[in-house]
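Student: here is the input, now give the coordinates:
(4 chains)
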Protein chains: 2
Amino acid sequence: METLLGMTTFVLHKVGVAGRREIAERLAVRPGITLWQFAALAELADQGPSAQSTLAGGLGLDPSDMVRLMDELLHDELVSRERDPDDRRRYRIALTGLGRRTFTTARTVVQKVENSTLSPLTATERAQLLKLAAKVHAGLSQ
Amino acid sequence: METLLGMTTFVLHKVGVAGRREIAERLAVRPGITLWQFAALAELADQGPSAQSTLAGGLGLDPSDMVRLMDELLHDELVSRERDPDDRRRYRIALTGLGRRTFTTARTVVQKVENSTLSPLTATERAQLLKLAAKVHAGLSQ
DNA sequence: CGAATTAGTGGGGAATTACCAACGATTGGT
DNA sequence: ACCAATCGTTGGTAATTCCCCACTAATTCG
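Tutor: Just a heads-up that it's a prediction; the model follows:
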């Protein structure tokens, strides 16, 4: 009995989707950005100025979709876009001051939501869950 | 650094989606059913003959979408559909023999895929992961 | 130089998910 | 008998995800 709830993938998917949805809703309210925008800002904050294709690769997003995402971020002045002097095919996408502040705000919002959705777990259990999920995640790409 | 990979929800979502996708592809090949069809068969196998609205509730699916899902399963003769004598608004959806055999096949396929995606984990780690995910999942609905 | 490759762009499209409103048939409550 | 609620059905819609192709500009390689 309870076939579906006994399948890890199924439960993981449900939890992931619900969490993601919750986060997306909060982010839309407070810093007023989408999940994809948040992901791009996070990559830029982590790795510094990057080319669009690098970002697209890191996020697993199609290059053509990345163009449209960058258009949004540029319009909101969260990133700047210059040609890379070393290779003028590339752009050099960088966070603006506003982008960095927005990201900081967004990150605390996300962590607040996560603390809420993970509230059934103790601190050690949360660490365990992240560790195990990361292990599985690492095995995906290879 | 690695902001996104440090967020449990994000990793959970990625793993869940990838696993789900893998399972869907395998199920399409071997017993030739979709994920939703599998989910419905599983519910029926667990709980016996049910009304459509009960199934819809259990799977978190809109009643109108459940109608279309049932149409598919009926067309493939995996389930039977009669009016419930006790309440003739309801249907009594039940697995056919073929439906039961298909479900059994599908279940082993799914477990094979799961064993593969969870291969980076030991047996105890897999149990841990399921336990923790289930705990979070249980906290979602309340 | 000429050919092949890469970065970004524009314009799509197919499939999925998740809804919603309105309706007929049936039932339960009063 | 009447009204409200429930079950299933039909016919949508909006958003998202994921993908593809053709094209320009710039670079690299032979």
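Student: name the element the most centrally placed residue in chain A belongs to?
Tutor: Residue closest to the mean C-alpha point of chain A, counted by CA atoms, centre = their mean, is residue A:39 at 2.8 Å. Assigned by DSSP states H and E, residue A:39 belongs to helix A:35-47.
Student: quick one: check the helix or strand following that helix for contact with DNA strand D.
Tutor: Per DSSP H and E, the first helix or strand lying C-terminal to helix A:35-47 is helix A:52-59. No - Helix A:52-59 stays out of contact with DNA strand D when judged by CB under 7 Å from any atom of the strand, the minimum separation being 9.3 Å. Quick note: C-beta positions are derived from backbone N, CA and C, even for glycine.
Student: packing partners for helix A:52-59?
Tutor: helix A:35-47, helix A:63-75, strand A:87-95 (3 or more CB pairs under 8 Å, 6 or more residues apart in numbering or on different chains; DSSP states H and E).
Student: then that helix to PDB, C-alphas only?
Tutor: Extracted in PDB, the C-alpha atoms of helix A:52-59 (Å, rounded to 0.1, in the frame of the first residue of the first chain):
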ATOM      1  CA  GLN A  52      25.600  34.600 -21.400                       C
ATOM      2  CA  SER A  53      26.400  31.100 -22.700                       C
ATOM      3  CA  THR A  54      28.300  30.400 -19.500                       C
ATOM      4  CA  LEU A  55      25.200  31.400 -17.500                       C
ATOM      5  CA  ALA A  56      23.000  29.400 -19.800                       C
ATOM      6  CA  GLY A  57      25.100  26.300 -19.300                       C
ATOM      7  CA  GLY A  58      25.300  26.700 -15.600                       C
ATOM      8  CA  LEU A  59      21.500  27.000 -15.300                       C
END
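Student: in that helix, which residues are buried?
Tutor: Of the residues in helix A:52-59, A:52, A:54, A:55, A:56, A:58, A:59 count as buried by neighbour count, 16 or more other CB atoms under 10 Å in any protein chain shown.
Student: equivalent analysis for stretch A:126-142, please.
Tutor: Going by neighbour count (16+ other CB under 10 Å), the buried part of stretch A:126-142 is A:126, A:128, A:129, A:130, A:132, A:133, A:134, A:135, A:136, A:137, A:139.
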